[in-house]
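Colleague: please find the sequence and the predicted model below.
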Number of protein chains: 2
Amino acid sequence: MWVMSLRIALLGLLTAYGSASGYDLTKAFERSVAHVWQAGHSQIYPELAKMTADGLVTVEAEGARGRKIYSITPEGREELRAWLLGHEPTGPARSEIALQAFLLPLLESGEARAVLQRLKTHMERRLTELEALWEARHAAPGLKGASGVRFGNLALDLGIRQMRTTLQWADDAIAQLGGQT
Amino acid sequence: MWVMSLRIALLGLLTAYGSASGYDLTKAFERSVAHVWQAGHSQIYPELAKMTADGLVTVEAEGARGRKIYSITPEGREELRAWLLGHEPTGPARSEIALQAFLLPLLESGEARAVLQRLKTHMERRLTELEALWEARHAAPGLKGASGVRFGNLALDLGIRQMRTTLQWADDAIAQLGGQT
DNA sequence: GGTTGACATGTAAGAAGTTACATGTCACTT
DNA sequence: AAGTGACATGTAACTTCTTACATGTCAACC
């Protein structure tokens, strides 16, 4: 039917935090969900307005500086639950890295190696960030879900593993190119 | 600046195939690039028209049934090359699987396990498909790039590795949930 | 008292992507 | 001769996403 994963991500964050403003949610996207989904405030504010109209969230209070504090409604909770339990995620995400990988053989092997090398540097930096986040989470207390798993840890773990896999792939690809200049 | 990876993917396919119609390219998307990027004909036809206007491709000939055969121009080749050499791919792809992973702790652990299990089934099916594709490629001759690597193989390899990693992650996540019901 | 900077919320314009609608050709079968 | 189905191309309506514009509050510092 539709996608509307932004809606789901917002409902999830609201469930985790209890209540939050559009601004908080924007920040939360940057901090926590960023490895998984991105959205700017210009997408979040209108979406929250639509979700209010649809009864999935409510404006609980208005704070200083026009700050609106949203919280999830039972309908919202139901929507989120239904998505988690019933939505079959679409397999192959659109990935620019994979597209570059696909097209790489169009380059002469020296150039291809350079591109892979740059890719590696980029990914190593991201991996370091993710690992730092992991360390930070394991040092400090955080939000726990119903299952007792720290909120977001599963996704972070997945992100780290995928990054490592991709790095390994890049290394192997470089080796493969090296052998047949 | 902008993204326009569809344009890049089309240029890449045209380079690989020499020349092709919009219809061919739509099919090529389904077959070869599908694990990496998706696009329907309703996106491809208008894009080819724009690319013709921009001088990146030309209509080389018109065949039966209104079939238009496109080929890449030197400008198009340059555009593709510049992207491959110069474009820093944006790191975290938007992934519905990762979003589910992120939100999973909101469910009670029995339900979470069921979702992971369904995810696994889904991914195992996809992995089998990818592996079959791999086998097929290693049996039959195919398009080779400048570096001598079979066109698309690097991307396919990456896809298979990532799928395996994700499956392993799902197994570990299930085990982790199991221990703390 | 003025400036800076984090806080806070929105709109507008345009690009990218999806789904559905719409049309027509050609080869093969019944 | 009629029907089916792969071939082939397009448009329209709509959703989603990105980038840029636009405005205003409040605290702290100088």
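Modeller: Arrived safely. Numbering: from 1, shown residues only, chains lettered A, B, ... in the order given.

Colleague: can I see the domain layout of chain A?
Modeller: Here the domain parsing of chain A from automatic domain parsing is A:5-86, A:96-178.

Colleague: can you lay out those domains as a markdown table showing mean neighbour count and mean pLDDT?
Modeller: C-beta coordinates here come from the backbone N, C-alpha and C atoms, glycine included. Output for the domains of chain A, formatted as a markdown table (neighbours: other CB atoms under 10 Å in any protein chain shown; pLDDT from 0 to 100):
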| stretch | mean neighbour count | mean pLDDT |
| --- | --- | --- |
| domain A:5-86 | 17 | 93 |
| domain A:96-178 | 18 | 89 |
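
Colleague: distance to B:E60 for those domains - can I get that in TSV?
Modeller: Listed next are the domains of chain A as TSV, based on distance: least, CB to CB, whole Å:
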stretch	distance to B:E60
domain A:5-86	40
domain A:96-178	19
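
Colleague: out of those domains, which is closest to DNA strand C?
Modeller: Nearest of those to DNA strand C, taken as CB to the nearest atom of the strand: domain A:5-86 at 2.9 Å.

Colleague: tell me the phi and psi of A:A140?
Modeller: Here is the backbone geometry of A:A140 (degrees, to the nearest 10): phi -100, psi 150.

Colleague: for A:L133, see how far away it is.
Modeller: From A:A140 over to A:L133 the distance is 11 Å, taken as CB to CB, to the nearest Å.

Colleague: roughly how far apart are A:M4 and DNA strand D?
Modeller: 4 Å (CB to the nearest atom of the strand, to the nearest Å).

Colleague: nearest to DNA strand D: which residue in chain A?
Modeller: For chain A, CB to the nearest atom of the strand, closest residue to DNA strand D: A:S42, 3.1 Å.

Colleague: what about that residue, is that helix, strand or coil?
Modeller: helix (DSSP: H, G, I helix; E, B strand; the rest coil).

Colleague: and the strands in chain A, which stretches?
Modeller: Listed from the start of the chain, chain A has strands (DSSP state E) covering A:19-21, A:57-62, A:68-72.

Colleague: export those to TSV and tack on distance to A:L158?
Modeller: Below are the strands of chain A laid out as TSV (distance: least, CB to CB, whole Å):
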stretch	distance to A:L158
strand A:19-21	24
strand A:57-62	27
strand A:68-72	25
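
Colleague: could I get those as TSV with distance to DNA strand D?
Modeller: Putting those into TSV (distance: least, CB to the nearest atom of the strand, whole Å) gives the following:
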stretch	distance to DNA strand D
strand A:19-21	12
strand A:57-62	11
strand A:68-72	13
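
Colleague: DNA strand C contacts on chain A?
Modeller: Residues of chain A found near DNA strand C (CB under 7 Å from any atom of the strand) are A:21-24, A:26, A:41-42, A:45-46, A:48-49, A:63-68, A:94.

Colleague: any residue of stretch A:10-27 up close to chain B?
Modeller: Yes. Applying CB under 8 Å from any CB of the partner chain, one finds stretch A:10-27 in contact with chain B at A:G12, A:T15, A:A16.

Colleague: first to last residue in that stretch, what's the distance?
Modeller: Start-to-end span of stretch A:10-27 (CA to CA, to the nearest Å) is 12 Å.

Colleague: show residues contacting that stretch.
Modeller: Under the criterion CB atoms under 8 Å, 6 or more residues apart in numbering or on different chains, residues A:28-29, A:32-33, A:39-41, A:44-45, A:47-48, A:51, A:56-57, A:60, A:63, A:67-72, A:76-77, A:79-80, A:143, A:145, A:151, B:99, B:102-103, B:106 lie in contact with stretch A:10-27.

Colleague: closest one to A:W169 among the strands of chain A?
Modeller: strand A:19-21 (37.7 Å; CB to CB).

Colleague: for the residue most central in space within chain A, what are its contacts?
Modeller: By CA atoms, centre = their mean, chain A has its centre lying nearest to A:V36, at 1.4 Å. For A:V36, the contacting residues are A:A155, A:G159, B:P92, B:R94, B:S95, B:A98, B:L99, B:A101, B:F102, by CB under 8 Å, 6+ apart.
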